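1. okay, here's the prediction I keep looking at, along with the sequence it came from:
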Amino acid sequence: MISSYAHGHDNVTENTADSLLLSKTETKAIANIAVFTYNEITPENIDSFHFHGNPDVFPVQALLVNPKSKKDELTLRGCFENRTDNLQVIVPTLVMRKLLDTVISVKNLLF
């Protein structure tokens, strides 16, 4: 969604004004730009999100991993420790802790 490969919008095949449709067949509806698109994924609208284009060429930009054990987590993080490419492991709690430490340090410096 962030890279515009996926998007969600109102259901254009049901209860849509004819003025919002450029064309419609039994299997396909093409809506104009006035159709409301969602800018947030919620439990209520998640089923409306879909992709256009060839999924075989979409980039993989992130993976969410939930290791079964601390050992598995450390093994995975170790595999990425000294990489020279753009792949990295980000542990959200550690990133947030460092960010907050920086904010508090700046605050203490200024006040």
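-> That came in fine, so what should we check first?
2. which elements pack onto the worst-scoring helix or strand of the chain on mean pLDDT?
-> For the chain, the helix or strand with the lowest mean confidence is strand 29-31, at a mean of 72 (criterion: mean pLDDT, DSSP states H and E). Counting contacts by 3 or more Cβ pairs under 8 Å, 6 or more residues apart in numbering; DSSP states H and E, strand 29-31 is packed against strand 21-24. The C-beta positions use only the backbone N, C-alpha and C, and glycine is treated the same way.
3. which strands border the strand it packs on, and is each parallel or antiparallel?
-> strand 29-31 (antiparallel) (DSSP bridges).
4. in the partner strand, what's buried?
-> Residues of strand 29-31 classed as buried by neighbour count (16 or more other Cβ atoms under 10 Å): 29, 31.
5. quick one: mean pLDDT for stretch 66-76?
-> The average pLDDT within stretch 66-76 is 94.
6. the least confident helix or strand of the chain: what's the following helix or strand?
-> Counting by DSSP states H and E, the next helix or strand C-terminal to strand 29-31 is strand 50-51.
7. tell me how far that next one lies from the chain's centre.
-> Relative to its chain's centre, strand 50-51 lies at 12 Å (Cα atoms, centre = their mean, to the nearest Å).
8. can you list the strands that that strand pairs with?
-> In its sheet, strand 50-51 lies beside strand 6-7 (antiparallel), with partners assigned from DSSP bridges.
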